[in-house]
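[1] sequence-free structure coming up:
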């Protein structure tokens, strides 16, 4: 069976931490591909600063040129609140020859009991947990843990920083150029050159 990793999130903006997580899961588990799947509306967080279409475009820019990465626009096209169970039910139905792995950061593991229809979701997919220092990885659910180089990056920090500081080495260059061009997060077109 084809082994497909799914890395979901708001990607507001996508950053190098996302790419590292996906790459480590790809090699550690022997995946055939990793799909980055931006939410339309995330069930656990508010999305501000960029539209769904802008987040999709940034994710496409971030993953371009990486042959084992692709962008899955399923949740953006579906609209509404993006629940993993609903999405994976549809994807597994459309691709019965694929085995799906859901990639999550160690910070999300202790919250798994609150996920929508989690007991049914774990019958559809396998979880890959990327270890993060300082987070409890104890869970009643089966999670395959992997090691990964750790970058203490958050999209929140990057949005705040974008207004008056460069994002060099934190997001792919094409993503920063798009943020400046679209003036996302209060940024100015020339902030990257300061």
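    Received, thanks. Source: prediction; values computed, not measured.

[2] got the end-to-end distance for stretch 85-105?
    End-to-end distance of stretch 85-105 (C-alpha to C-alpha, to the nearest Å): 18 Å.

[3] what's the neighbour count on residue 28?
    By other C-beta atoms under 10 Å, the residues close to residue 28 number 15. Using the backbone N, CA and C atoms, a C-beta is placed for each residue, glycine as well.

[4] Would you mind giving both backbone torsions of the closest residue to it other than its chain neighbours?
    Once flanking residues are discounted, residue 28 sits nearest to residue 146: 4.3 Å by C-beta to C-beta, 6 or more residues apart in numbering. Residue 146 adopts backbone torsions of phi -130, psi 160, taken as degrees, to the nearest 10.

[5] Please list all residues in contact with residue 146.
    Residues in contact with residue 146, defined by C-beta atoms under 8 Å, 6 or more residues apart in numbering, are 24-25, 28-29, 128-131.

[6] Tabulate these in CSV, adding columns for distance to residue 109 and pLDDT.
    Below are the contacts of residue 146 laid out as CSV (distance: C-beta to C-beta, whole Å; pLDDT from 0 to 100):
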residue, distance to residue 109, pLDDT
24, 16, 97
25, 14, 97
28, 16, 97
29, 16, 97
128, 11, 97
129, 5, 95
130, 10, 93
131, 9, 89
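
[7] what's the closest of the residues you listed to residue 184?
    Closest approach to residue 184 among those (C-beta to C-beta): residue 130, at 26.3 Å.

[8] Name the next helix or strand downstream of the longest helix along the chain, please.
    For the chain, the longest helix by residue count, based on DSSP state H, is helix 16-29. Following helix 16-29 in sequence order, the next helix or strand is strand 33-38 (DSSP states H and E).

[9] For the following helix or strand past that following strand, the averaged confidence score.
    Remark: after strand 33-38, the chain's next helix or strand is helix 52-63, criterion DSSP H and E. Helix 52-63 shows a mean pLDDT of 97.

[10] Would you indicate which residues of helix 52-63 are buried?
    52, 54-63 (16 or more other C-beta atoms under 10 Å).

[11] ditto for stretch 109-124
    109, 112, 115, 118, 121-122, 124.

[12] Restricted to strands, list those.
    Using DSSP state E, no member of the buried residues of stretch 109-124 falls within strands.

[13] Among those, name the ones in helices.
    Assigned to helices by DSSP H, the following of the buried residues of stretch 109-124 qualify: 109, 118, 121-122, 124.

[14] what bits of the protein have low per-residue confidence?
    By pLDDT under 70, the low-scoring segments of the chain are 43-47, 189-194.
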